[in-house]
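Chemist: With the input below, show me the fold.
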Amino acid sequence: MCTPRCVSQLACCCGSAACSLCCSCCPKIKQSTGTRFMYALYFMLVTVICVIMMSPTMAKEIKERVPMYEDICKTLSAGENCSALVGYSAVYKVCFGMACFFFFFSVFTLRVRTSTGCRAAIHNGFWFFKFVALLACCAGGFFLPDEEKFLEVWRYVGAAGGFLFLLIQLMLLVEFAHRLNQNWTSGAEYNKLWYAALAFVTLVLFSVAVGAVVFMAMFYTHSEACFLNKIFLGVNSGLCVVISLLAISPCVQTFQPTSGLLQPAIISVYVMYLTFSALASKPVEKVEQNGMNVTVCVFPYNSNSESDRKIVKGVGTTILFCCVLYSCLTSTTKRSSAALRVYRNSVPENERARCCFCCNDSGDDYDDEEKTSGGQNVIYDEREGTVYSYAYFHFVFFLGSLYVMMTSTNWFHYEDAKIERLLEGSWSIFWIKMASCWVCLALYMWTLVAPVLFPKRFEA
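Modeler: Got it, this is the predicted structure:
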């Protein structure tokens, strides 16, 4: 009985039908949301492959567990022990294929305004054929001529795309901070408990930020070394204080009455996280104590404990790729497309306060619903037109592909890169993360002062 239901759901693989799960007890899903999650699934699949390619540990496990491993490598002409399928060059080629896949769809879906056309149908369906196309693109990267020249040029393309993707991430964070404050402030007009929620969350976030400063001052500074750590920790902490005071200053409050301490609290926590990540990524420093070279300004886990190292790296890697996925999925929503717009009267009349609003792009209720035979119900929210830019959506995934490529290969320290060393010291990663702190603070500061400098431009 379950077979016909599952078969009906699999129609999206070879046709334009919307994808959904087989189980009817699953909550309803919008067609646009299902499409974005399917592309995200493709993206994460290739990302996992890149992680495996950059992990000598995983390569060793595969060699030991896969039967006839050497014969398979010879059949694929992948060199001894499949050496051509591992390392930074293999990741560059796979990510080149994934980037080409998303860039093609970005161009293919330019100026698509309705979901009834053939291009929209291809975007929202035919998942099996697109999966085959993605595999073909990734495999095609291994057959490119003049490999050395390609890797050199593609490295700089990846760096440019990676930096642009970082900028989009920071813009989304600023937009999220403004939107959360806006949403909860609208709820306070009807229920004063939202004021208590605002105050409590703000206090917790500032406590976390201050705790992070104290933690880094204790473990990432030293009286005889780590001079850069002291400077940047002081500078970033001071800038967080500046934006907090600026957010509640009378001149900003005049043009943005809803501006408060919640937004700078969110920004401060993220800046402290980036600062910690940057300091942890800096090459280690040593000082001479009692005739011995002692490593200072490092994460205070037991350096002799392999399990502690794995936990730290696992958590850091998970946070990293969750941020990438979040940026790809949310950057094309209606509100995120206007991330840096600030209005004098910025609370919409129909704004409804809620604790979780990240996945709800609007408060509209759709009655146009298809009840599949025993499967998950699909809401066709694009009957009257597209709800997000298809081209921009694919372009963000294109940039995300480049960012994953550069991150997994340790940016400009690619030759000896391993996924197990993703969070180890590197000057390039240190400066990238530290610059991200300053860009994030500058973006948020701009959203505060721009309406003051250009009041007519930001009027509602």
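Chemist: Contacts for stretch 258-266, please.
Modeler: 173, 176-178, 180-182, 184-185, 198, 201-202, 205-206, 209, 240, 243-244, 246-248, 252-253, 346-347, 444, 448 (C-beta atoms under 8 Å, 6 or more residues apart in numbering). Every residue, glycine included, has its C-beta placed from N, CA and C.
Chemist: please redo it, this time with the cut-off set to 7 Å
Modeler: Applying C-beta atoms under 7 Å, 6 or more residues apart in numbering, the set of residues contacting stretch 258-266 from outside is 177-178, 180-182, 185, 198, 201-202, 205-206, 209, 240, 243-244, 247-248, 252-253, 346-347, 448.
Chemist: can you check stretch 130-141 too?
Modeler: 42, 46, 93-94, 96-98, 100-101.
Chemist: just checking, which of those belong to helices?
Modeler: 42, 46, 93-94, 96-98, 100-101 (DSSP state H).
Chemist: Out of those, who's the most crowded?
Modeler: Met98 (27 neighbours; other C-beta atoms under 10 Å).
Chemist: so where do the helices sit in the stretch 201-350 of the chain?
Modeler: Assigned by DSSP state H, counting those that start in this stretch, the stretch 201-350 of the chain shows helices spanning 227-247, 250-255, 262-281, 306-330.
Chemist: Out of the ones in helices among the contacts of stretch 130-141, give me the two with the largest separation.
Modeler: Tyr42 and Lys93 (17.1 Å; C-beta to C-beta).
Chemist: can you give me the end-to-end distance of stretch 105-122?
Modeler: 10 Å (C-alpha to C-alpha, to the nearest Å).
Chemist: could you pull out the strands for the chain?
Modeler: Per DSSP state E, the chain carries strands over the ranges 29-30, 285-289, 292-296, 369-370, 378-379.
Chemist: and these, which one is worst for confidence?
Modeler: Mean pLDDT is lowest for strand 369-370 among these, at a mean of 52.
Chemist: Report the contact partners of Gly87.
Modeler: For Gly87, counting by C-beta under 7 Å, 6+ apart, the contacting residues are Met53.
Chemist: try Tyr444
Modeler: 174, 243, 267 are the contacts of Tyr444 under C-beta under 7 Å, 6+ apart.
Chemist: you'd agree the first one is up against Leu443?
Modeler: Think Val174. Yes - if you go by C-beta atoms under 7 Å, Val174 and Leu443 touch, sitting 5.0 Å apart.
Chemist: Just put the ones in helices among the contacts of stretch 130-141 in a markdown table and tack on distance to Arg155 and pLDDT.
Modeler: Formatted as a markdown table, those follow (distance: C-beta to C-beta, whole Å; pLDDT from 0 to 100):
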| residue | distance to Arg155 | pLDDT |
| --- | --- | --- |
| Tyr42 | 24 | 91 |
| Val46 | 18 | 90 |
| Lys93 | 12 | 88 |
| Val94 | 15 | 89 |
| Phe96 | 11 | 92 |
| Gly97 | 16 | 92 |
| Met98 | 16 | 92 |
| Cys100 | 16 | 93 |
| Phe101 | 20 | 94 |
